[in-house]
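Visitor: when you get a sec, could you give me coordinates for this:
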Amino acid sequence: MTDPKTETAPAEKLLEAALNHVPFDGWTEPTYRAAVADSGIDPAVARGLYPRGAVDMALAYHRQGDAEMVRRLEQADLSAMRFRDRIATAVRLRLEAVEDREAVRRGTTLFSLPIYAADGAKAIWGTADLIWTTLGDSSDDVNWYTKRATLSGVYGSVVLFWLGDDSPGHQATWDFLDRRIDDVMQIEKIKAQLRDNKLLSGLLAGPNWLLGQIKAPDRAPDPDLPGHWAPPRRP
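Guide: Now for the predicted structure:
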């Protein structure tokens, strides 16, 4: 008899079954149906777990990689690193967490379709958010958004480079990543110089005040609001 504590959850079992078919059929409906058949999960349960079928499976696979990245980041000793190197390390750990590059390639193809582009952008934003949050970002103003937007751009470009990289140990990818991070640091340097310029500071006082009113989203949404669910509290 299977120990309930070690039994694979239905969602994970379905995803594992799907990964056997993704290299051949991509994140498609045939892959979803094959995963349901192979896993033995009731079709109604499977549809409840992944309402959009393989699309939601692809997103679950991405989140699985994010979780592994966070686990590796929390175990790594980053204390002696510059912050830009911590960011680069996080991106590298995210890519190294991938066990099947073809699954990522197929996911990139899926989320390049206009109908799923928003899902792909949201997934990349989520990765960038996790990196900043895990590294201790405490910004609560417009910088919260610009940091994640910039890192999303870096991460997206590095993934595309990595997918076509056949260099030993993906060294070309890590060099590309370092160049992208350096480009971002140059932008931050220019922004700092502009802030220190008294004339420009005066001219930009209005726009800066307006930007200062932008706040980071609440990370603990009210569970009573529509669309949010909270498990019942234990007595």
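
Visitor: okay, CA-based contacts and neighbour counts for the rest of this
Guide: Fine.

Visitor: so where is this protein shaky, pLDDT-wise?
Guide: 1-7, 187-216, 218-235 (pLDDT under 70).

Visitor: can you give me the helices for it?
Guide: 10-19, 22-25, 29-39, 43-49, 54-75, 83-96, 101-111, 117-134, 142-163, 171-196, 198-203, 205-212 (DSSP state H).

Visitor: how about the nearest residue to L73, chain neighbours excluded?
Guide: Distance criterion Cα to Cα, 6 or more residues apart in numbering; nearest residue to L73, sequence neighbours excluded, is A90 at 6.6 Å.

Visitor: over to P23?
Guide: Nearest one to P23, counting by Cα to Cα, 6+ apart, is E102 at 5.9 Å.

Visitor: near that neighbour, how many other residues are there?
Guide: Per other Cα atoms under 10 Å, the neighbour tally for E102 reads 16.

Visitor: also the one 10 residues further on?
Guide: Using other Cα under 10 Å, S112 has 15 neighbouring residues.

Visitor: around the nearest residue to it once chain neighbours are set aside, how many other residues sit close by?
Guide: Once flanking residues are discounted, S112 sits nearest to G120: 7.6 Å by Cα to Cα, 6+ apart. Residues lying near G120 (other Cα under 10 Å) number 22.

Visitor: can you tell me how far G120 is from S157?
Guide: 13 Å (Cα to Cα, to the nearest Å).

Visitor: still on that earlier bit, my read is that the residue nearest to S112 contacts T109, right?
Guide: No: G120 is beyond contact range of T109, at 10.0 Å (criterion: Cα atoms under 8 Å).

Visitor: can you list the domain ranges for this structure.
Guide: Listed domain ranges for the chain are 8-51, 57-201 (source: automatic domain parsing).

Visitor: for the residue positioned nearest the centre of the chain, what are its contacts?
Guide: In the chain, the residue lying closest to the centroid (Cα atoms, centre = their mean) is T127, at 2.1 Å. By Cα atoms under 8 Å, 6 or more residues apart in numbering, T127 lies in contact with 66, 152.

Visitor: what do you get if the cut-off is 7 Å, keeping everything else the same?
Guide: Applying Cα atoms under 7 Å, 6 or more residues apart in numbering to T127 gives the contacts D66.

Visitor: how much space between the nearest residue to R86 once chain neighbours are set aside and P23?
Guide: Excluding the flanking residues, the one nearest R86 by Cα to Cα, 6+ apart is L78, at 6.4 Å. The gap separating L78 from P23 is 35 Å, by Cα to Cα.

Visitor: name the residues that touch stretch 65-78?
Guide: 86, 90, 93-94, 97-98, 127, 134.

Visitor: among the residues you listed, which ones are buried?
Guide: 86, 90, 93-94, 97-98, 127 (16 or more other Cα atoms under 10 Å).

Visitor: quick check: L177 touching V158?
Guide: Yes: between L177 and V158 there is a contact at 6.1 Å, judged by Cα atoms under 7 Å.
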